[in-house]
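Peer 1: This is the structure alone, sequence omitted:
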């Protein structure tokens with residue numbers, strides 16, 4: 001089924017901001033399974049156009065830009081839910097359990113994405129924090145310390161909420177002799193071992209091997225690629241393991257409550273990172289407009305990219321929590 005094109009004749013008079021928004025929205029629909037797009041793509045684009053147009057008439061271009069992140073979060077969450085249903089049509093538990101499981105999995109995936117980009121921010125800010133700037137501008141130290149504290153809080157929330165669920169899934173796999181589930185839980189430690197092996201090889205050979213010495217930039221890229229690939233594979237493995245396990249419903253509700261704490265901490269970290277970056281712009285414009293980003297990239301582009309991913313991760317987590325508590329409770333009441 002053909003989807004309604006944003007640049008079709010009926011839309012030629014639409015504001016440019018609306019055309020751009022619909023074009024991006026339509027491209028992001030490619031994240032969904034093909035069967036879903038064929039069945040619902042045209043209707044989704046119609047609703048999206050009505051939503052963007054009504055938003056533009058009520059608040060102008062600024063209002064349309066403000067709903068970009070929520071729209072993207074809704075798309076990402078929906079794509080995750082559709083692929084989960086497609087890959088595992090017979091998930092363990094009742095429909096309400098599947099809803100809670102999807103919400104908890106989306107929060108976990110958003111947290112992992114936030115951690116990855118947060119590590120990029122830590123690397124980007126490392127040289128600044130070692131310089132004399134924090135002594136002259138205390139906001140650098142305050143923002144960095146706030147991020148560090150909230151990072152610990154978010155990690156504890158994920159561990160407190162996630163470990164009981166993981167242990168319940170492992171117990172289910174052991175009792176029912178589900179080696180496939182056990183194998184999925186083995187992916188994170190294997191990925192971690194591969195990363196440690198890569199670091200060990202590089203640090204051992206670097207002083208004695210001219211190839212490593214002259215291509216340190218490529219070595220850094222290799223580490224980033226391996227780390228991101230390991231994080232993605234580990235996240236996917238854990239989510240699919242939970243999808244095939246039978247876990248008590250109250251345990252997932254507790255996980256979602258812990259997800260609220262983790263999401264709130266993520267939001268606080270994003271705000272602190274934004275203020276830190278704005279302070280860098282004001283206090284050290286030479287560094288801000290330089291190439292002190294991740295892997296010697298543009299500082300501005302790195303900062304903007306990191307903040308964008310943080311915002312999307314937070315929006316996905318909030319969407320998942322709203323779906324889990326709001327719609328889940330409605331389903332339970334019905």
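Peer 2: Structure's in. What do you need? Source: prediction; values computed, not measured.
Peer 1: Tell me the buried residues in the helix or strand where residue 287 lies?
Peer 2: Per DSSP states H and E, residue 287 falls inside helix 285-288. By neighbour count with 16 or more other CB atoms under 10 Å, helix 285-288 contains the buried residues 287-288. The C-beta positions use only the backbone N, C-alpha and C, and glycine is treated the same way.
Peer 1: for it, packing partners?
Peer 2: When contacts are defined as 3 or more CB pairs under 8 Å, 6 or more residues apart in numbering; DSSP states H and E, helix 285-288 sits against helix 249-283, helix 299-321.
Peer 1: try 6 Å
Peer 2: Packing partners of helix 285-288 (3 or more CB pairs under 6 Å, 6 or more residues apart in numbering; DSSP states H and E): none among the helices and strands.
Peer 1: Could you list the low-pLDDT ranges of this protein?
Peer 2: The chain contains residues with pLDDT under 70 at 1-14, 84-95, 205-217, 326-334.
Peer 1: 80 instead?
Peer 2: 1-15, 73, 77-99, 202-220, 293-296, 326-334 (pLDDT under 80).
Peer 1: got the residue ranges for the helices in it?
Peer 2: Per DSSP state H, the chain carries helices over the ranges 16-28, 34-66, 68-87, 95-130, 133-136, 138-175, 179-185, 187-205, 210-214, 216-243, 249-283, 285-288, 299-321, 328-333.
Peer 1: Just give me how far the first one sits from the chain centre.
Peer 2: Relative to the mean C-alpha coordinate of its chain, helix 16-28 is positioned 22 Å out (CA atoms, centre = their mean, to the nearest Å).
Peer 1: That one packs against which elements?
Peer 2: Checking 3+ CB pairs under 6 Å, 6+ apart, helix 16-28 ends up next to helix 34-66.
Peer 1: Buried residues of the helix it packs on, list them for me.
Peer 2: 36-37, 40-41, 44-45, 48-49, 52-53, 55-56, 64.
Peer 1: Among the residues you listed, which pair sits farthest apart?
Peer 2: Spatially, the most separated pair among the buried residues of helix 34-66 is 36 and 56, at 27.2 Å (CB to CB).
Peer 1: returning to what we had before: what comes into contact with the helix holding residue 287?
Peer 2: Helix 285-288 is touched from outside by 280-281, 299, with contacts defined as CB atoms under 6 Å, 6 or more residues apart in numbering.
Peer 1: Now list the buried members of those.
Peer 2: 280, 299.
Peer 1: The contacts of helix 285-288 into TSV, with extra columns for distance to residue 319?
Peer 2: Formatted as TSV, those follow (distance: CB to CB, whole Å):
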residue	distance to residue 319
280	30
281	30
299	30
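Peer 1: end-to-end on stretch 59-72?
Peer 2: 19 Å (CA to CA, to the nearest Å).
Peer 1: Determine how far that stretch lies from the middle of the whole chain.
Peer 2: Here stretch 59-72 shows a centroid-to-chain-centroid distance of 19 Å under the convention CA atoms, centre = their mean.
Peer 1: who's in contact with it?
Peer 2: 17, 21, 52, 55-56, 311-312, 315.
Peer 1: and with 8 Å instead?
Peer 2: The contact list for stretch 59-72 (CB atoms under 8 Å, 6 or more residues apart in numbering) reads 15, 17-18, 21, 24-25, 28, 48, 51-52, 55-56, 311-312, 315, 319.
Peer 1: can you check stretch 110-119 too?
Peer 2: 147, 151, 154, 158, 227-228, 231, 234-235, 262-263, 266, 269, 273, 305-306, 309-310, 312-314, 316-317, 320.
Peer 1: Pull out the buried members of those.
Peer 2: 147, 151, 154, 158, 227, 231, 234-235, 262-263, 266, 269, 273, 305-306, 309-310, 312-314, 316-317, 320.
Peer 1: from the contacts of stretch 59-72, which single one is nearest residue 122?
Peer 2: Looking across these and measuring by CB to CB, the closest to residue 122 is residue 311, at 17.9 Å.
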